[in-house]
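Chemist: Got a predicted structure plus its sequence, pasted below:
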Amino acid sequence: MIEKLRTIFQVPELRRRILFTLSMFVVYRLGEHMPTPGVNAAALAGAFRSQANTLFGLYDMFVGGAFSRATVFALGIMPYISASIILQLLGAVVPYFEKLRKEGEEGQKKITQWTRYGTVFISIVQSYAYSIFLVNLGASQGLAVVPEPGFAFFFSTIITQTTGTILVMWLGEKITEFGIGNGISLIIFVNILGGVPNRLMQSFDSVRAGSLGIVQAIVILAVMVAVIAVVIVMTQATRKIPVQYAKRMVGRKMYGGQSTHIPLRVNTAGVIPIIFASSLMILPLTVAGFVPPDHPLAAIATWFHPNGWLYNSLYAIIIVFFTYFYTAVVLNPNDLAENMRKYGGFIPGIRPGRHTAQYIDRVLSRITFPGAVFLAAIATLPDVFFAAMRVPALGFGGTSVLIVVGVALDTLQQVESHLLMRHYEGFVKRGRLRGRSRM
């Protein structure tokens, strides 16, 4: 393991990307501890204890505890994810955005720009709702969370929270461009892992205090290991479609004739449906944040309890929908069939062109179903299981495990690709030098 790490840091480009990513993480973690002006941190900590096992607690996990501390990064990356969801949905139904999606790099730049505008708008709305939530939270529990509520507090909260979200969005984009891995996913990854030490200490204190039995702790540990193992297996599972390329003459050389395969992953969408679904499930909280505690709409936050049947049912349905939707966005059977036809490839027993596209689409639909059900089950069942056992909040759930494992595997694959590319370039250079020496 030490030798592998040493090899990674011996590659200059890879070392530079990893160090840049780590430096962006440091900047982000510093921003998570910068308080929002006008908020009493001690009173907020006391008032938020009652919200730990609600959807607010789940949101707080995604933003690394910044929501419960009312820091400038309290909204985290969630407004950007919400804007991305809206733009992707518009790309499937609005001709203008569908055209942009097909224009390649230039179209993607315009979609990214629209996503940024949407992020700013959603941040303004959610930051205003967050300021009202802070005032109402203190009033409902008799605590001065916001000592001086008024226009100055609401305006400053909107400015600081929106600016913080824009900075987080910028950090994520820079990590994707100059670092290693997907910046947005890595920020959520760091937020989840950032709370692990405290949660481990809480579980240890629970065992020592007797509120969590030894047998109970062993069962929980076994479930955690089983969930992680299943997530890894399902994330890596693929369905290989055999492809044969016909021989063809180009000049005096013969090309083609080899056999290969198209690897279709059972979980093609990865962790994106979970992140999308979690972001959508936060929207009811935004609605509830606009009204006082005695308003009928305030009950929305109670209905959407993470361990309730309504929350988990809607959560599972949205995950299944986004699994199919995102798979259709990133993997187009018609494009695969057309590319195969251009280069003389065909699936044995299937006619090229439309029949090949239909075959790929049929296979993709079949393997996506168990992948979608798996995502929905792994995101809901562990939380329900721990709630049924009346286990103290340990911060472990299918959603967090799936995100952490998925992002970790994706990042490791990118590191591996950089290493393979580096070795290939070194081999080519040595070959050229040998050829010149022979001349």
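Modeler: On my side now, so go ahead. Residues are numbered from 1 along each chain as shown.
Chemist: ranges for the helices of the stretch 251-400 of the chain?
Modeler: For the stretch 251-400 of the chain, applying DSSP state H, counting those that start in this stretch gives helices covering 272-281, 283-289, 300-303, 309-330, 333-342, 354-388, 398-438.
Chemist: How about the stretch 101-250 of the chain?
Modeler: 105-141, 151-178, 183-194, 196-209, 214-236.
Chemist: among those helices, which is nearest residue 274?
Modeler: Nearest to residue 274 among the helices of the stretch 101-250 of the chain is helix 183-194; the distance by CB to CB comes to 9.8 Å. Just so you know, the C-beta spots here come from the backbone N, C-alpha and C atoms, and that holds for glycine as well.
Chemist: what's the angle between that closest one and helix 272-281?
Modeler: For helix 183-194 against helix 272-281, the angle by axes from the mean of the first three to the mean of the last three CA atoms, to 10 degrees is 80 degrees.
Chemist: Residues contacting helix 183-194, please?
Modeler: With CB atoms under 8 Å, 6 or more residues apart in numbering as the test, helix 183-194 has contacts from 21, 24-25, 28-29, 61-65, 76-77, 80-81, 168, 171-177, 179, 271, 275, 400, 403-404, 406-408, 410-411.
Chemist: one step back: just name the most buried of the helices of the stretch 251-400 of the chain.
Modeler: Ranked by mean neighbour count under mean count of other CB atoms under 10 Å, the helices of the stretch 251-400 of the chain are led by helix 272-281, which reaches a mean of 23.
Chemist: how far out from the middle of the chain is that helix?
Modeler: Put simply, helix 272-281 sits 8 Å off its chain's centre (CA atoms, centre = their mean, to the nearest Å).
Chemist: Can you give me the domain assignment for this structure?
Modeler: Domains of the chain are assigned by automatic domain parsing as 1-194, 205-439.
Chemist: Worst mean pLDDT among those?
Modeler: By mean pLDDT, the lowest-scoring of those turns out to be domain 205-439, with a mean of 75.
Chemist: Dump the helices of the stretch 101-250 of the chain into CSV; add mean neighbour count as well.
Modeler: As requested, those are arranged in CSV below (neighbours: other CB atoms under 10 Å):
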stretch, mean neighbour count
helix 105-141, 18
helix 151-178, 18
helix 183-194, 22
helix 196-209, 13
helix 214-236, 14
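Chemist: export these to a markdown table and tack on distance to residue 359?
Modeler: Listed next are the helices of the stretch 101-250 of the chain as a markdown table, based on distance: least, CB to CB, whole Å:
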| stretch | distance to residue 359 |
| --- | --- |
| helix 105-141 | 29 |
| helix 151-178 | 34 |
| helix 183-194 | 32 |
| helix 196-209 | 44 |
| helix 214-236 | 24 |
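Chemist: Quick one, which of the ones you listed gets closest to residue 98.
Modeler: When those are compared by CB to CB, helix 105-141 sits nearest residue 98, at 9.7 Å.
Chemist: Flag every buried residue along stretch 15-28.
Modeler: Neighbour-count burial for stretch 15-28, counted by 16 or more other CB atoms under 10 Å, picks out 17, 18, 20, 21, 24, 25, 28.
Chemist: burial count for residue 87?
Modeler: Neighbourhood size, residue 87 [other CB atoms under 10 Å]: 19.
Chemist: Helix or strand: which one has it?
Modeler: helix 78-93 (DSSP states H and E).
Chemist: what's the angle from that helix to helix 272-281?
Modeler: Per the same axes, to 10 degrees, the angle that helix 78-93 makes with helix 272-281 is 110 degrees.
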